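Q: what would the 3D arrangement of this be:
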Amino acid sequence: MTAARPLRFGAVSRSGGQTVQWLLKRNCSATPRQILTLYASLCLVSIGIALAFWNLGATLVMPFAWLELLAVGGALLVYSRHAADSELIRLQPGRLTVERVFGRHVERAEFAPDWVRVEPEHGDRSLVELSGQGQRIAVGRFVRPELRRQLADELRWALRRRQWLPADGRSGGLRNDATQDKSEN
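A: Model (predicted):
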């Protein structure tokens with residue numbers, strides 16, 4: 001029996017049948033809810049200070065406070081809109097599904113695993129292009145450029161071994177380090 005290759009970017013899921021899934025997400029330090037809380041507290045402090053100056057007779061502080069809050073709010077809105085961007089690649093028996101979320105735009109492509117080509121778009125450090133059956137989609141935006149080749153190699157490896165659902169229901173060689181059976185060590 002050949003040794004199982006651990007998946008760096010993907011994970012084997014046993015729910016609803018055998019699937020291998022790669023979830024590539026933007027690295028964000030704050031969620032949209034945290035950003036909203038931060039912005040609300042900034043608004044309270046800024047308007048409170050502007051009201052204090054208004055009461056002291058400095059009436060021009062209030063319009064500049066509102067202008068500042070509008071500018072910061074616009075920037076935080078743009079940030080929050082793309083904080084949940086992701087790419088989901090799911091290999092199931094008989095199909096490979098790729099779903100890209102960019103803001104409110106969702107792009108989805110389905111491929112037959114037998115006909116999928118995995119290649120870099122332009123070079124080793126460029127996005128990974130999945131193509132087949134007249135469709136193509138580029139993935140790997142949220143993976144460092146120097147690791148995209150490893151992502152492509154992992155996708156190719158999983159596609160070559162997509163017969164990972166034998167009759168006995170075992171994983172057939174595709175597994176994540178976390179799911180490796182301790183008794184085989």
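
Q: just the buried positions in the longest helix seen in the chain, please.
A: When the chain is parsed with DSSP state H, its longest helix is helix 32-55. Residues Pro32, Ile35, Tyr39, Cys43, Ser46, Ala50 are the ones in helix 32-55 that count as buried (16 or more other C-beta atoms under 10 Å). (C-beta placed from N, C-alpha, C; glycine too.)

Q: got the contact list for that helix?
A: 30, 61-62, 64-66, 68-69, 72-73, 76, 79-80, 83-84 (C-beta atoms under 8 Å, 6 or more residues apart in numbering).

Q: any idea how far Arg125 is from Thr37?
A: 37 Å (C-beta to C-beta, to the nearest Å).

Q: what ranges does this protein have for its strands?
A: 5-6, 10-13, 19-25, 86-92, 95-102, 105-111, 117-120, 128-132, 135-139, 174-175 (DSSP state E).

Q: most packed of these?
A: strand 174-175 (a mean of 22; mean count of other C-beta atoms under 10 Å).

Q: tell me which helix or strand in the chain has the weakest average pLDDT.
A: strand 174-175 (a mean of 46; mean pLDDT, DSSP states H and E).

Q: quick check, central residue of this structure?
A: When C-alpha atoms, centre = their mean is applied to the chain, the residue found nearest the centroid is Lys25 (2.1 Å).

Q: ok, that residue - contacts?
A: Ala84, Asp85, Ser86, Glu87, Phe142.

Q: what about it, distance to Ile47?
A: For Lys25, the distance to Ile47 - C-beta to C-beta - is 35 Å.
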